[in-house]
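# Take a look and give me a structure for this.
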Amino acid sequence: MSEVNTLTIPEEEDIVARAMAEWNAQHVQVLIDDDEIPSDAQYLPLESLIEFLEQQPIPVRVHIAGENYLIRLRKHVPYEEFKEFIYSLSDFLRRGHWVKAEWSREKRAIVVKRWRR
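Here you go, the predicted structure:
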């Protein structure tokens, strides 16, 4: 007969608290909703986007949603700092011959196309 390990509620709460602390400590958090990319499409690798974002001073959350990366800031920043962030992101994307980053009021995020044909 196999042995079953159980946790007390305080032990479980401690595990959850540590996991949440590790998650919140990450500079770039990634959430995946829809990760499908057409086979004949050119795509912007998530790894290169994360590498760029980790060099930026503003912590962000990247949500993979269909054909877009939605980038949300995780802290409030002054408008000038936000404009500088958008400019540097757009510059990074242009260097890779990609499209620019655009703010979407509806999605409340910076939208970057993940792929193109």
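# Now Ile86: closest residue in space that isn't a chain neighbour?
Of all residues not flanking Ile86 in the chain, Ala101 sits nearest, at 5.8 Å (C-beta to C-beta, 6 or more residues apart in numbering). For the C-beta atoms, the positions are set from N, CA and C on the backbone; glycine is no exception.
# give the contact list for that neighbour.
Ile71, Ile86, Leu89, Ser90, Leu93, Ile110, Val111, Val112 (C-beta atoms under 8 Å, 6 or more residues apart in numbering).
# Among the residues you listed, name the ones in strands.
Judged by DSSP state E, strands contain the following of the contacts of Ala101: Ile71, Ile110, Val111, Val112.
# Give me the phi and psi for Trp115.
Main-chain torsions, Trp115, degrees, to the nearest 10: phi -150, psi 160.
# so it bridges to which residues?
According to DSSP bridges, the partner residues bridging Trp115 are Tyr43.
# Out of the contacts of Ala101, which is nearest to Ala17?
Of all the contacts of Ala101, Ile71 has the smallest distance to Ala17: 27.2 Å, by C-beta to C-beta.
# Bridging across strands, which residues link to that closest one?
On DSSP bridges, the residues paired with Ile71 through beta bridges are Val62, Ile110.
# Ile37 and Arg116 touch, don't they?
No - the pair Ile37 / Arg116 is not scored as a contact, 10.4 Å apart, by C-beta atoms under 8 Å.
# Give the buried subset of the ones in strands among the contacts of Ala101 as a ChimeraX selection command.
Buried residues among the ones in strands among the contacts of Ala101 (16 or more other C-beta atoms under 10 Å), as a ChimeraX selection:
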select :71,110,111,112
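# mind listing what the helix or strand of the chain with the lowest mean pLDDT pairs with, with the direction of each?
Sorting the helices and strands of the chain by mean pLDDT, DSSP states H and E puts strand 28-34 at the bottom, at a mean of 72. Strand 28-34 sits in its sheet next to strand 60-65 (parallel), going by DSSP bridges.
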